[in-house]
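S.K.: sequence first, then the predicted structure, then my questions.
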Amino acid sequence: MGLMGELLAQPLWLLAWINWMGVVNLASLAFLRRTEARWTIAAFAASFATMNVLYAIVGYERILGLAHVLFWTPLLAYLLPRLGRHPGNSAYGTWLRVLVATNALSLVVDYVDVLRWVAGRIG
């Protein structure tokens, strides 16, 4: 079926969330003159590529969240201290805050999924 087919077969709420994450992360393209946006698109592309490799190896499993863990954790560590430099009332500052909130929420789920997958393999 492929990764995209697996994703499209998910419940509507999950598909909406996946699309939201894509839109928010790809919105970095509108701000490419900013360093934070360039790091965001790089992390997004790296996580997407890694997720495809993981899918090819293990299929549609909870471990796919590892792609976000590996690239979005350092991205958020880089972005969080920079939030204060960009006012929340600007388009860029608003996008940056929405991005951090979106990716942080995703990471909570991703860390849980990865830990559950590992626990299932060693338990």
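M.R.: Ah, there it is.

S.K.: alpha carbons only: can I get stretch 10-28 in CSV?
M.R.: What follows is stretch 10-28, C-alpha atoms only, in CSV (Å, rounded to 0.1, in the frame of the first residue of the first chain):
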residue,chain,number,x,y,z
GLN,A,10,-6.3,6.7,8.9
PRO,A,11,-9.3,8.2,10.7
LEU,A,12,-10.3,11.7,9.5
TRP,A,13,-9.2,13.4,12.7
LEU,A,14,-5.7,11.9,12.4
LEU,A,15,-5.6,12.8,8.7
ALA,A,16,-6.6,16.4,9.6
TRP,A,17,-3.8,16.5,12.2
ILE,A,18,-1.2,15.2,9.7
ASN,A,19,-2.3,17.7,7.1
TRP,A,20,-2.1,20.5,9.8
MET,A,21,1.5,19.5,10.6
GLY,A,22,2.4,19.6,7.0
VAL,A,23,0.9,23.0,6.4
VAL,A,24,2.5,24.5,9.5
ASN,A,25,5.9,23.1,8.7
LEU,A,26,5.8,23.9,5.0
ALA,A,27,4.7,27.5,5.8
SER,A,28,8.4,27.9,6.6
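
S.K.: may I see the buried residues of it?
M.R.: For stretch 10-28, a neighbour-count test (16 or more other C-beta atoms under 10 Å) marks 17, 21, 24-25, 27-28 as buried. The C-beta positions use only the backbone N, C-alpha and C, and glycine is treated the same way.

S.K.: for Ser90, what are phi and psi?
M.R.: Per-residue torsions, Ser90: phi -100, psi 160 (degrees, to the nearest 10).

S.K.: what's the local residue count around it?
M.R.: 10 (other C-beta atoms under 10 Å).
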